[in-house]
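*Asks:* Model the structure of this input:
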Amino acid sequence: MKKNIAIIMGGYSSEYEISLKSGNVVYEYLDKEKYNTYRIHILKSKWVYVDANDQEHPINKADFSIPLAGSTIYFDCVFNAIHGTPGEDGLMQSYFELLQIPQTSCDYYQSALTFNKRDLLSVLKPYGIKCAASYYLNLGDAIDEDAIIEKVGLPCFVKANKAGSSFGISKVYQKDALKGAIANAYKEDDEIIIEAFLDGTEVSVGVIKYKGETKVLPITEIVSENDFFDYEAKYQGKSKEITPARISDKEQKRVSELAKRAYDILKMKGYSRSEFIFMNGEPFMLEMNTTPGLTTESILPQQAKVAGIGLSALFESAIIEALR
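*Replies:* Model prediction:
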């Protein structure tokens, strides 16, 4: 009997449009001979099943079912394609844990931890995973520009602590631009991380569970036409994403080892995509994404393709692991 798979997409953050694209790609490529697939839009205003005719049907939040034509559809597994809250910060994971419905991303604690950049890096640092010098702010804190510059120097990056897709990020060259960059980051989150600028080669490392094993995918080098890998570079063609990355065998081995170590230390499941910058041959970690982009142009699917894993196999593997 075919399994019923809910593909959740959308979310409550600025990333919802990208998530809808990812979810629709999963819907397109999952094998319909093996699975009954349902597109579920999780939005602030509504949770709905969107059928093949784009008609919307409400979700019963009490048990995550769909009352439909006199019957009720229940799900065997949830494929999580939500970037940002509530799909990447532990909220949906906790909900499905309570309902005892398997889902394809990591568990709720790991999701909450990895979504918080400063907490993630603090946890991994004792395990030999290096990161940039950083300064933290919470909404309402006094802004001491001199203290910030003393800690991280200039230029520096001002980031929303819990946001993705480069929303709320600015590269700051001068002291008088700090407050504007901080205000921009606060539009996305009430916590901010300000990091020293690392001038080196940026790479993205995908790690997945595949056929019961932790697998590191071919590494992607990111070359932005813009000043850094911002939203335009990521989604509007202003960057080159080169897989496999043009790094030495030694560098490849080192960053693969660190990405896998982080995945295993955190007891991860599902997909992850970790970002690093090489400084003098040593990788420094920036962040880990646990529901990375899944469009045909996204980095993780590109890496899987180079590894000989097509989209259908990649997506099915996540369901198999969740049901295992």
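*Asks:* and the residue nearest to residue 221 when sequence neighbours are not counted, how many neighbours?
*Replies:* Among residues not flanking residue 221 along the chain, residue 245 sits closest, at 3.5 Å (C-beta to C-beta, 6 or more residues apart in numbering). Using the backbone N, CA and C atoms, a C-beta is placed for each residue, glycine as well. Other residues within reach of residue 245 by the criterion other C-beta atoms under 10 Å amount to 22.
*Asks:* Check residue 110 too.
*Replies:* Using other C-beta under 10 Å, the number of residues around residue 110 comes to 22.
*Asks:* Got phi/psi on it?
*Replies:* Dihedral pair for residue 110: phi -60, psi -40, per degrees, to the nearest 10.
*Asks:* Skipping its backbone neighbours, what lies nearest it in space?
*Replies:* residue 266 (5.3 Å).
*Asks:* Could you do residue 161 as well?
*Replies:* In space, residue 161 is closest to residue 191, 3.8 Å off (C-beta to C-beta, 6+ apart).
*Asks:* Also residue 8?
*Replies:* residue 40 (4.8 Å).
*Asks:* One more: residue 109?
*Replies:* Nearest to residue 109 is residue 90, by C-beta to C-beta, 6+ apart, at 6.8 Å.
*Asks:* Quick check: that neighbour vs residue 66, distance?
*Replies:* Counting by C-beta to C-beta, to the nearest Å, the separation of residue 90 from residue 66 is 24 Å.
*Asks:* now residue 136
*Replies:* Distance of residue 136 to residue 66, computed by C-beta to C-beta: 43 Å.
*Asks:* cool, residue 177 as well?
*Replies:* 49 Å.
*Asks:* higher neighbour count, these two?
*Replies:* Neighbours of residue 177 and residue 66, each counted by other C-beta under 10 Å, are more numerous for residue 66; the result is 21 against 16.
*Asks:* so that one touches residue 56, yeah?
*Replies:* No: if you go by C-beta atoms under 8 Å, residue 66 and residue 56 don't touch, sitting 10.8 Å apart.
*Asks:* Mind listing the shared neighbours of the two?
*Replies:* Both residue 66 and residue 56 are in contact with residue 49, where contact means C-beta atoms under 8 Å, 6 or more residues apart in numbering.
*Asks:* beta partners for residue 222?
*Replies:* On the basis of DSSP bridges, residue 222 is bridged to residue 202, residue 241.
*Asks:* now it: how far from residue 140?
*Replies:* Going from residue 222 to residue 140 by C-beta to C-beta gives 34 Å.
*Asks:* For the residue nearest to residue 221, what is the enclosing helix or strand?
*Replies:* For residue 245, there is no enclosing helix or strand under DSSP states H and E.
*Asks:* and the gap between it and residue 124?
*Replies:* Taking C-beta to C-beta, one finds residue 245 at 21 Å from residue 124.
*Asks:* Helix, strand or coil: sort out the residue nearest to residue 8 for me.
*Replies:* Secondary structure state of residue 40, per DSSP: H, G, I helix; E, B strand; the rest coil, is strand.
*Asks:* Use 759 as the first number for this chain going forward.
*Replies:* Noted, 759 is the first residue going forward, which turns the last one into residue 798.
*Asks:* before we move on, back to that, quick check, the residue nearest to residue 868 in contact with residue 865.
*Replies:* No: Residue 1024 is not in contact with residue 865 according to C-beta under 8 Å; the separation is 9.7 Å.
*Asks:* And the helices in this protein, which stretches?
*Replies:* Assigned helices in the chain, in chain order: 774-787, 849-857, 866-873, 875-882, 903-910, 936-944, 989-993, 1007-1023, 1057-1064, 1069-1081 (criterion: DSSP state H).
*Asks:* Compare those helices and report which one is nearest to residue 961.
*Replies:* Across those, residue 961 has its closest neighbour in helix 1007-1023 (6.1 Å, C-beta to C-beta).
*Asks:* Not counting residues beside it along the chain, what's closest to residue 959?
*Replies:* For residue 959, the closest residue by C-beta to C-beta, 6+ apart turns out to be residue 1036, at 4.5 Å.
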